[in-house]
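Chemist: 3D model of this:
(chains A and B)
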Amino acid sequence: MSKSLPSRADNYSEWYNELVKRADLAENSAVRGCMIIKPYGYSIWEKMQRALDDMFKETGHSNAYFPLFIPKSFLSKEASHVEGFAKECAVVTHYRLKNDPNGGGVIVDPDAKLEEELIVRPTSETVIWSSYKNWIQSYRDLPLLINQWANVVRWEMRTRLFLRTAEFLWQEGHTAHATKQEAIEETEQMLEVYAEFAETFMAMPVLKGIKTANERFAGADETYCIEAMMQDGKALQAGTSHFLGQNFAKAFDVKFVNKENQLDYVWGTSWGVSTRLVGALIMAHSDDQGLVLPPKLAPIQVVIVPIYKGDEQLENIKARINPLVKALKKRGVSVKFDFTDNQSPGFKFAEYELKGVPIRLAIGNRDMENGTIELARRDTREKTSMPFEGIEDVIVDTLEDIQRNIYQKAFDFRAANTFEVNSWDEFTAKIEDGGFLSAHWDGSSETEEKIKELTKATIRCIPLDAKEEAGKCILTGAPSSRRVIFARAY
RNA sequence: CGGGGUGUAGCGUAGCCCGGUAUCGCGCUUGGUUUGGGACCAAGAGGUCGUAGGUUCGAAUCCUGCCACCCCGACCA
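Modeler: Numbers count the residues shown, from 1 in each chain, chains lettered A, B, ... in the order given. Down below sits the predicted model:
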């Protein structure tokens, strides 16, 4: 194994794949397309979960759990929903194995065929709405605000660790409301929650917008999304929030009596983010030395590496460092004091850089004599010798500064790679370099398809803050009233 | 599903054309010396050469089937 990563400039996707493996985040499993999330990778996901879960609770949602299996008949109740997912479903057909009479292990017992096949959930709208039918009778039962943390399976042709896997972990919120207005507000609120999470915790600026009809969730009336820009200029959909209208209520016959004693279908939303966010996090900030993690999501925020000769020096260093570790933990900073002697300090430096630990402190005999400590920050890779006295405050401030700095860096990168284009020539030339292209579009699915076919660029979203502006579609020249964002996407 | 490629120790590989029981590096174990940017020395352990069959005195090597994976395309909320 060579010591350094492939560089982003040489081969971005190889850099990504290698980084995921080397940083010990995840690996491929024996099952095609399914990944094993290793402890370090999982701890990042856990940090994400905790922050998101708090935000969901804060906005009034409760967690629940629905089954992994969906009766086949459920899936077909909402026509466009089944159409959207049918091609990528894993199906359970039998419930028993038996010994192979010809030897050679076990075989599926043909006598154990299920009456009705079960689909491994690709998303849970259908099971959940079939329960909501029983849960909702009156406007007093509404709104119903449920979230679940679960795994889902979508049999993708081509997979990549975290970004697109056949099985992935996610949360899916499913809410029911008495009015259309309230459901739309919920959809928008959750988009806002996602955007805030992405920007404050992941330090990743996102574009909020609405999907075109082509890109809309199967079964939704409107799909809202947050789109982020990766360092290669490609777009990544980081989260979606769907206004389901009354589609699932009608498909599953979920009615309620309103205040005026009239029977009506409820209005629904669903919204989700997945382990894909871990992939987004990696691609948004990391560099050729390895991961760069935002302090708010880093499993280890500070690592302390002692440099010593002999037990006596180590004991002296421990005596100085242990109180610092204690004090930092008390302030909510996660610290690792790595005094193992299996590896040289140089090895540890490289290792913790690869793993994206935001701050590294090094302390050796020289520092012990001078009353100093060396602080290295991962984002800028700057090393500074500092007085040991007062280092605790410096660390806390620096963590905040790193969080700010990597957000700003990502923000500036996106700004530098977002362009307004006004002609087809300009569009086709510019799209080759990646980035977001803000351009006019005539609003038709045919044009959108055509552009995708010609350039591989898709409409990522119609930004929520898009200004009214008269213009001409870059492909057809037909009139348009606002710009949309095009990009090549993951 | 089309086109191309690859399967050899935990990982990365040499050997294959031209058949003689497998090379090197990393990692691992033990001991010692080291430690301010991926330490060094010594001694070790570790292999159904993807799989099934065929050719042969003899197969990692040649032939055939199968399987898996990777890349390109198709596909992808």
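
Chemist: Might you enumerate the residues of the stretch 151-300 of chain A proximal to RNA strand B?
Modeler: The interface of the stretch 151-300 of chain A toward RNA strand B, taken as CB under 7 Å from any atom of the strand, is made up of A:Glu156, A:Met157, A:Arg158, A:Thr159, A:Arg164, A:Glu215, A:Arg216, A:Phe217, A:Ala218, A:Gln237, A:Thr240, A:Gln289. C-beta coordinates here come from the backbone N, C-alpha and C atoms, glycine included.

Chemist: how does it look with 6 Å?
Modeler: For the stretch 151-300 of chain A, the contact set with RNA strand B under CB under 6 Å from any atom of the strand comprises A:Glu156, A:Met157, A:Arg158, A:Arg164, A:Glu215, A:Arg216, A:Phe217, A:Ala218.

Chemist: what about the fifth one, neighbour count?
Modeler: For A:Glu215, the tally of surrounding residues (other CB atoms under 10 Å) stands at 18.

Chemist: show me the contacts for it.
Modeler: A:Thr223, A:Thr458, A:Ile459 (CB atoms under 8 Å, 6 or more residues apart in numbering).

Chemist: For A:Asn342, give me its contacts.
Modeler: No contacts exist for A:Asn342 under CB under 8 Å, 6+ apart.

Chemist: at 10 Å what do you get?
Modeler: By CB atoms under 10 Å, 6 or more residues apart in numbering, the contact list for A:Asn342 reads A:Lys348.

Chemist: give me the beta-bridge partners of A:Lys113?
Modeler: A:His94 (DSSP bridges).

Chemist: What of the one 5 residues further on?
Modeler: Each beta-bridge partner of A:Leu118 is listed here, defined by DSSP bridges: A:Pro71, A:Val92.

Chemist: Can you pull the residues of the stretch 351-490 of chain A lying near RNA strand B?
Modeler: Checking the stretch 351-490 of chain A against RNA strand B by CB under 6 Å from any atom of the strand, the hits are A:Glu351, A:Glu353, A:Leu354, A:Ala362, A:Gly364, A:Asn365, A:Arg366, A:Asp367, A:Glu374, A:Ala376, A:Lys383.

Chemist: mind checking how far A:Gly364 is from A:Pro306?
Modeler: Distance from A:Gly364 to A:Pro306, counting by CB to CB, to the nearest Å: 7 Å.

Chemist: now swap in A:Asn261 and tell me
Modeler: In this view, A:Asn261 and A:Pro306 are 74 Å apart by CB to CB.

Chemist: Between those two, tell me which one has more neighbours.
Modeler: Between A:Asn261 and A:Pro306, A:Pro306 has the larger neighbour count (other CB under 10 Å), namely 25 against 8.

Chemist: Stretch A:93-112: end-to-end distance?
Modeler: This stretch, stretch A:93-112, spans 9 Å end to end (CA to CA, to the nearest Å).

Chemist: give the contact list for A:Lys21.
Modeler: So A:Lys21 contacts A:Met1, A:Glu27, A:Asn28, A:Lys38, A:Leu161 (CB under 10 Å, 6+ apart).

Chemist: Return the members of those residues classed as buried.
Modeler: A:Asn28, A:Leu161 (16 or more other CB atoms under 10 Å).

Chemist: Tell me where chain A is predicted with low confidence.
Modeler: A:1-2, A:102-105 (pLDDT under 70).

Chemist: which residues of it fall in helices?
Modeler: A:12-22, A:39-58, A:72-75, A:79-85, A:125-135, A:180-196, A:247-251, A:276-285, A:310-330, A:345-354, A:365-370, A:391-416, A:424-431, A:445-455 (DSSP state H).

Chemist: deepest of those, which one?
Modeler: helix A:276-285 (a mean of 25; mean count of other CB atoms under 10 Å).

Chemist: now for that one, which elements pack on it?
Modeler: Packed against helix A:276-285 by the contact rule (3 or more CB pairs under 10 Å, 6 or more residues apart in numbering; DSSP states H and E) you find helix A:12-22, helix A:39-58, strand A:167-177, strand A:222-229, strand A:235-245, helix A:391-416.

Chemist: what would those look like in a markdown table with distance to A:Arg320?
Modeler: Formatted as a markdown table, the helices and strands packed on helix A:276-285 follow (distance: least, CB to CB, whole Å):
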| stretch | distance to A:Arg320 |
| --- | --- |
| helix A:12-22 | 32 |
| helix A:39-58 | 28 |
| strand A:167-177 | 41 |
| strand A:222-229 | 42 |
| strand A:235-245 | 43 |
| helix A:391-416 | 11 |
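
Chemist: what's the closest of these to A:Arg140?
Modeler: strand A:167-177 (12.6 Å; CB to CB).

Chemist: chain center to that closest one: distance?
Modeler: 13 Å (CA atoms, centre = their mean, to the nearest Å).

Chemist: Partner strands of it, with direction?
Modeler: strand A:144-153 (antiparallel), strand A:267-274 (antiparallel).

Chemist: Give me the angle between it and helix A:125-135.
Modeler: Here strand A:167-177 runs at an angle of 30 degrees relative to helix A:125-135 (axes from the mean of the first three to the mean of the last three CA atoms, to 10 degrees).

Chemist: pretty sure A:Phe216 is touching A:Thr223, no?
Modeler: Just to correct that, residue A:216 is Arg rather than Phe. Yes: if you go by CB atoms under 10 Å, A:Arg216 and A:Thr223 touch, sitting 4.5 Å apart.

Chemist: what residues do these two have in common as contacts?
Modeler: A:Ile210, A:Thr240, A:His242, A:Phe243.

Chemist: so how far is RNA strand B from the last one?
Modeler: Read that as A:Phe243. The gap separating A:Phe243 from RNA strand B is 14 Å, by CB to the nearest atom of the strand, to the nearest Å.

Chemist: That residue pairs with what?
Modeler: Beta-bridge partners, per DSSP bridges, of A:Phe243: A:Glu222, A:Thr269.

Chemist: Which residues are in contact with it?
Modeler: A:180, A:183-188, A:210, A:216-217, A:220-224, A:267-271.
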